[in-house]
Structures are given as structure tokens and as C-alpha cells.
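Chemist: Fold the following for me, if possible:
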Amino acid sequence: MDRRKRKTQNAIMSTFMELMAKKDVEKISISEIAEMADVSRGTFYLHYIDKYDLLEKCIESSFDDLEHVCETANSFDENMFEVTFDYFDKQKDTLKIIWKADKEQIFKRKLSARISTNIQTVMPNMDEVGITFITAGVIGVIDYWFNNDNIAKEILSQRLSNVVKATV
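Modeler: Residues are numbered from 1 along each chain as shown. Modelled structure (predicted):
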């Protein structure tokens, strides 16, 4: 992708994230995004179908970043939780905005699929109910953490690791 195109898309995405921090997606207009990003509406539509397409691209971008970070963790263990929560902590403001705005739960579904796959790889004898239980628990803890800033990421990653170890 050429530099100008990437620069324009980054400007649109960062403007959109800024707006989503202040109000719901439904209340954001394309004109508002274009004006704040200093691009024309036509330029916006060259890159995105509508604001929901833009939201999906923001979600995909954040998830791709998470996938890249998680590749450094070799297995579904304490290290994977540490790496994941380190990423979440560094990107907390952005991810909280996406988590809240993602009415279709695209990010959560992708994250659930990733967690399930990791569990199946590390614990091939675990049945579907167990995999679903652990996956839902991890998603629930992440959701809780995004809504309660009073728990350190180290404590959460250690607790999740302990629960998974106890389940095995």
C-alpha cells in the first residue's frame, strides 16, 4: 500500500476512534469523520463503504496486532496471559472503545476462536464443554477488566493461569 493511502486511512481511523471515545457509532456521521480527518467525503468512500465498514477495519487492525503479539507466546500458559494482558494494557484505551462499539461482537468472536484453538492445541483431550467454559471465562475476565480499572494486569494473568492449570 502506498504511503499516501496508508496516511489517509490512519487519519480516518484515528479520527473515528477519537469520535467513538466521545459518542456512540450511530451518532457519528461520515461528514464529521471526513471533516475532522481533513479529507473529503469522497475520499472516505474510496477507502470504506460506510462507518460500520470502518469500524470493522478498526477491529480487524486491533485483532491483527493482538495476533502478532500472541505469536510470541508459545502455548496457552501463564506467558500467553502475560503477553496478552501486556498488549491489552498498552492498548487499553483503544480496545475499550472498540469493545464498547463492537455491537456485532466481531472482536470477541475472533478472540474466542483464537482462545479455543489454543486450548485445543495445548489440551487435545479437553471436550467442547470444557473449551467453551474456559474461553467464556477468559472473555468474561477481559470484559470485567475493561470495566474495572482497579485490578492489575499481573494479578489477572496469574489468576487466569491458575484457573487453567487447575482445569487441566
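Chemist: starting at the chain centroid, how far to stretch 126-133?
Modeler: 23 Å (C-alpha atoms, centre = their mean, to the nearest Å).
Chemist: from the middle of its chain, how far away would stretch 64-73 be?
Modeler: How far stretch 64-73 lies from its chain's middle: 11 Å, per C-alpha atoms, centre = their mean.
Chemist: Residues in contact with it: which ones?
Modeler: Contacts to stretch 64-73, defined as C-beta atoms under 8 Å, 6 or more residues apart in numbering, come from residues Asn79, Met80, Glu82, Val83, Thr84, Asp86, Tyr87, Gln91, Leu111, Arg114. (Glycine included, C-beta is placed from N, CA and C.)
Chemist: what about 10 Å?
Modeler: The contact list for stretch 64-73, computed with C-beta atoms under 10 Å, 6 or more residues apart in numbering, reads 79-84, 86-88, 90-91, 94-95, 107, 110-111, 114-115, 118.
Chemist: Could you export it as PDB, CA atoms only?
Modeler: Extracted in PDB, the C-alpha atoms of stretch 64-73 (Å, rounded to 0.1, in the frame of the first residue of the first chain):
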ATOM      1  CA  ASP A  64      -4.300  -8.500  13.800                       C
ATOM      2  CA  ASP A  65      -2.000  -6.600  16.200                       C
ATOM      3  CA  LEU A  66      -3.100  -8.900  19.100                       C
ATOM      4  CA  GLU A  67      -2.500 -12.000  16.900                       C
ATOM      5  CA  HIS A  68       1.000 -10.800  16.200                       C
ATOM      6  CA  VAL A  69       1.700 -10.200  19.900                       C
ATOM      7  CA  CYS A  70       0.300 -13.600  20.900                       C
ATOM      8  CA  GLU A  71       2.500 -15.400  18.400                       C
ATOM      9  CA  THR A  72       5.400 -14.700  20.800                       C
ATOM     10  CA  ALA A  73       3.700 -16.800  23.400                       C
END
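Chemist: pLDDT (mean, whole number) over it?
Modeler: Averaged across stretch 64-73, pLDDT comes to 78.
Chemist: Hmm, Thr94 is touching Phe63, no?
Modeler: No: between Thr94 and Phe63 there is no contact under C-beta atoms under 10 Å: 11.7 Å.
Chemist: Now for those two: what residues contact both?
Modeler: Joint contacts of Thr94 and Phe63 (C-beta under 10 Å, 6+ apart) do not exist.
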